[in-house]
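1. how would this look folded up:
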Amino acid sequence: METAIALNRNGKLDASSFRPLLHSAEQDTRYRNLPVSVKRTVEEVDRELLYRALFEIKKDIVEIKDLMYQKQEENINPAGVQQIKVQSLAEAEKETIKAALEYSRGNKRNAAELLKISERTLYRKIREYNLED
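-> Reported below is the predicted structural model:
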């Protein structure tokens, strides 16, 4: 009644005053399952939900990038040189041979095959780096 009075321009209430209100009160069955009455189609509502989800994902990605940049900056010393563990070629070779022997459980033939070197070379390197058991 209040809405009809507020929307009525001629000061008289009749059946024509209530028709638009009755029609708007009857919701289309497409909107019945929505928690809030909206004047949009289901597709439009779904599209808006997808956009919101995509914006949230984008915001998360930006936050992750920022964290990655911060972590990268922490790994750089004040001189601007990235702190990287550098080892000699001999140390790298020794560690690789140790890893191959551990992986092959001490089987030197399998370790040599993994390293793609001859067994004889492997035995020589084991002696050279004092890796004998």
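2. what's the distance between residue 8 and residue 14?
-> With distances taken as C-beta to C-beta, to the nearest Å, residue 8 is found 9 Å from residue 14. For every residue, glycine as well, the C-beta is placed using N, CA and C.
3. Likewise for residue 98?
-> Counting by C-beta to C-beta, the gap from residue 98 to residue 14 is 97 Å.
4. Looking at those two, which is more packed in?
-> Legend: neighbour count by other C-beta atoms under 10 Å for residue 98 and residue 14, higher for residue 98 (14 against 10).
5. my guess is that one contacts residue 132, does it?
-> No - the criterion here is C-beta atoms under 8 Å, and residue 98 misses it with residue 132 at 11.7 Å.
6. Out of the helices and strands in this protein, which is least certain?
-> helix 15-25 (a mean of 67; mean pLDDT, DSSP states H and E).
7. now for that one, which elements pack on it?
-> helix 2-7 (3 or more C-beta pairs under 8 Å, 6 or more residues apart in numbering; DSSP states H and E).
8. Looking at the spatially most central residue of the chain now. What's its pLDDT?
-> Centre of the chain computed as the mean C-alpha position; nearest residue by C-alpha atoms, centre = their mean is residue 61, 6.4 Å away. As predicted, residue 61 sits at a pLDDT of 91.
9. Give the buried residues for the helix or strand containing it.
-> If you go by DSSP states H and E, residue 61 is part of helix 42-74. Neighbour-count burial for helix 42-74 flags no residue at all (criterion: 16 or more other C-beta atoms under 10 Å).
10. quick one: it to chain centroid distance?
-> Counting by C-alpha atoms, centre = their mean, to the nearest Å, helix 42-74 is centred 9 Å from the centre of its parent chain.
11. go on, stretch 85-93?
-> Taking mean C-alpha positions (C-alpha atoms, centre = their mean), stretch 85-93 and its chain are 35 Å apart.
12. okay, how far is it across that stretch, tip to tip?
-> Using C-alpha to C-alpha, to the nearest Å, the end-to-end distance of stretch 85-93 comes out at 15 Å.
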